[in-house]
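**Student:** Sequence and computational prediction follow.
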Amino acid sequence: MMNIETEPSILFKVPKFVVPQSCALYARISEDDGRALGVERQIEDLIAWCARNGWTIGDTYIDNDISASTLSKATRPNYERLLADVESGIRDGIVVVNLDRWTRRMRELVDFLEWLNGPGRNVPFRTLAGDDATTPDGRMVMHIKGAVAQQEAERISLRSKRERMQSREKGLYRSSGVPFGFVKVGIAKDATFEPDPQTADFVREAFNLFIGGENTKAIVGRFQRSPYPAPSGNAYWHYQSVRKILRNGVYAGLLIFKGEVVGTATNVIPVIDEPTFRAAAAVFSGRAGRAAMPRKYLLNGLVRCGVCGAKCKAYAASTYTQGGRVNKRAAKWACPPVMFGGHNCTARNYSAVEDYVDGIVRDAISQEMPEPEESTTTDDDVQAGIAVVGLEQRIAATRAAYASGDLSGADFFPLLSDLRDKLNALQAAQSRATALRAKRRTAPAADVAMEVWISDDPELFAKRREIVERYISQIVIMPLGGRTGNKLPAPETHLHVIPA
């Protein structure tokens with residue numbers, strides 16, 4: 001009989017290693033002083049490693065001054081670009097200095113390793129510390145290191161919170177960056193924040209315009225026409241950037257904690273006076289107290305861009321004049337411009353999206369409609385039960401044959417795995433069928449939901465929205481991939497609906 005311990009290839013199929021011909025180098029650091037020296041050192045070490053090991057470099061991917069901890073909500077654009085390039089086959093290997101440079105989120109690491117070792121994907125992942133994701137032992141070590149990295153990130157966060165609390169108690173403003181409109185004088189904890197002679201006037205103007213009744217969109221336009229980049233370093237200003245400025249008490253030399261003024265910052269020379277800041281806060285409070293505008297479009301907030309992930313906006317039908325002719329522009333869902341959080345990536349005919357969603361919702365409601373005289377047990381259930389018993393008997397017989405020596409290990413393990421997969425799939429189908437019948441029996445209002453859904457009554461708009469959210473969490477608009485003429489391809493090829 002074959003010895004499993006001496007022949008592990010029976011249990012684990014290790015993919016054949018192929019030296020990458022276009023590998024990706026990834027570097028990241030959480031906090032940077034603006035000189036990017038930390039990521040430069042990482043890239044130098046990665047290049048040297050590739051030269052020693054014969055890996056051909058395809059491109060470098062750098063996320064500088066971006067955290068990857070569990071408490072950070074920041075996106076890593078080059079991390080996402082790297083994964084997309086690996087998925088498309090542009091890159092065939094990944095190298096990073098250490099595992100915590102890749103991620104400090106345990107959930108993200110687990111998902112990445114499952115994706116990396118998915119069917120048909122043989123992409124080597126290495127760290128300069130010797131981590132290897134292609135073997136079971138290597139992945140186990142990476143899981144342990146990932147848990148340690150997440151713990152350390154959370155401990156750093158606790159220490160940072162305690163330090164910031166202590167600073168507030170001493171009347172000191174602390175920030176890893178410099179707010180727009182200020183310059184930092186001095187170093188480390190002895191630094192002071194003073195008005196920037198070049199940009200402070202823009203901040204004062206923004207507060208005065210806002211208090212005077214100007215909306216945020218108009219103020220964003222003024223900032224965009226200025227010669228100064230947004231605080232994030234992007235070329236485009238976003239309305240959220242302006243809102244953060246108008247809500248930030250540091251411009252008045254105030255320390256804010258959870259929306260409340262808790263003191264005065266002794267290391268800040270204010271850009272504006274306190275009455276000006278409080279007047280802006282009063283404007284925000286007044287706007288928050290107004291009744292929310294009713295939804296105009298049924299799918300508002302659910303439609304997303306499949307390129308950048310931004311929420312798409314609905315644009316009504318309109319007309320425009322070109323060459324003396326009046327032309328019509330159809331209503332559409334579109335990725336908004338940078339000012340509103342998008343990048344003008346995708347757009348789709350409004351009716352095409354609505355019609356596709358309508359069909360999905362109708363099908364979902366129909367599945368829940370109660371069937372007349374529905375029995376608790378069907379012929380399909382009986383047949384499925386017989387099949388389950390048969391598979392369980394075959395598994396028992398296979399185990400007996402292996403135990404008696406009539407079946408070798410090389411034949412036993414693949415056969416057992418196949419039988420288990422079939423049994424699990426059959427039992428899962430039984431569970432789904434049982435749950436669906438229970439849902440139908442306990443959802444007698446499904447016929448009412450259908451009447452509401454097909455109704456055009458404006459008074460039922462909110463109910464129709466509830467029905468959409470019951471079945472759909474997102475509608476993702478994907479690029480069409482070239483000119484398609486006047487006829488759109490099948491909607492399922494460019495509209496991805498994510499169930500609720």
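**Tutor:** Alright, I've got the coordinates.
**Student:** What ranges does the stretch 151-300 of the chain have for its strands?
**Tutor:** In the stretch 151-300 of the chain, the segments counted as strands under DSSP state E, counting those that start in this stretch are 182-185, 192-195, 254-257, 260-264.
**Student:** Just the endpoints, please. Distance across stretch 165-178?
**Tutor:** 19 Å (CA to CA, to the nearest Å).
**Student:** ok, now stretch 328-346?
**Tutor:** End-to-end distance (CA to CA), stretch 328-346: 19 Å.
**Student:** Quick check: buried residues in that stretch?
**Tutor:** Lys332, Trp333, Ala334, Cys335, Pro336, Val338, Met339, Gly341, Gly342, Cys345, Thr346 (16 or more other CB atoms under 10 Å). C-betas here are computed from N, CA, C, even on glycine.
**Student:** got it, and stretch 468-480?
**Tutor:** For stretch 468-480, a neighbour-count test (16+ other CB under 10 Å) marks Val468, Tyr471, Ile472, Gln474, Ile475, Val476, Ile477 as buried.
**Student:** Ok, stretch 405-416 next?
**Tutor:** Those would be Leu407, Phe412, Phe413, Leu415, Leu416, for stretch 405-416 by 16+ other CB under 10 Å.
**Student:** what about the third one, distance to Phe125?
**Tutor:** Think Phe413. 27 Å (CB to CB, to the nearest Å).
**Student:** Kindly report the same for the fourth one.
**Tutor:** Distance from Leu415 to Phe125, counting by CB to CB: 32 Å.
**Student:** repeat for the first one
**Tutor:** Between Leu407 and Phe125 the distance is 37 Å, computed by CB to CB.
**Student:** Run through the stretch 151-300 of the chain and note the low-pLDDT ranges.
**Tutor:** For the stretch 151-300 of the chain, the stretches with pLDDT under 70 are 160-161, 163-164, 166-169, 176, 188, 232-236, 259, 287-295.
**Student:** I meant to write the stretch 351-500 of the chain there.
**Tutor:** For the stretch 351-500 of the chain (pLDDT under 70), the answer is 369-382, 435-447, 481-488.
**Student:** where along it do the strands fall?
**Tutor:** Using DSSP E, counting those that start in this stretch, strands in the stretch 351-500 of the chain cover 472-477, 495-499.
**Student:** Is it possible to get TSV of those strands that adds distance to Asn98?
**Tutor:** TSV is the format used below for the strands of the stretch 351-500 of the chain (distance: least, CB to CB, whole Å):
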stretch	distance to Asn98
strand 472-477	34
strand 495-499	34
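**Student:** re the thing from before, out of the buried residues of stretch 328-346, the closest to Leu37 would be?
**Tutor:** Closest to Leu37 out of those is Val338 (29.5 Å), distances taken as CB to CB.
**Student:** pretty sure that closest one is touching Ser241, no?
**Tutor:** No. Using CB atoms under 8 Å, Val338 is not in contact with Ser241, being 11.0 Å away.
**Student:** any common contacting residues for those two?
**Tutor:** Contact criterion CB atoms under 8 Å, 6 or more residues apart in numbering; residues shared by Val338 and Ser241: none found.
**Student:** count of residues packed around the closest residue to Ala191 other than its chain neighbours?
**Tutor:** Of all residues not flanking Ala191 in the chain, Lys184 sits nearest, at 5.2 Å (CB to CB, 6 or more residues apart in numbering). Lys184: 14 surrounding residues under other CB atoms under 10 Å.
**Student:** How about the one 5 residues further on?
**Tutor:** By the criterion of other CB under 10 Å, Lys189 has 10 neighbours.
**Student:** so what's it up against?
**Tutor:** Per CB under 8 Å, 6+ apart, neighbours of Lys189: Leu172.
**Student:** Which residue ranges make up the domains of the chain?
**Tutor:** Residue ranges for the domains of the chain, per automatic domain parsing: 17-152, 182-288, 298-370+446-500, 379-442.
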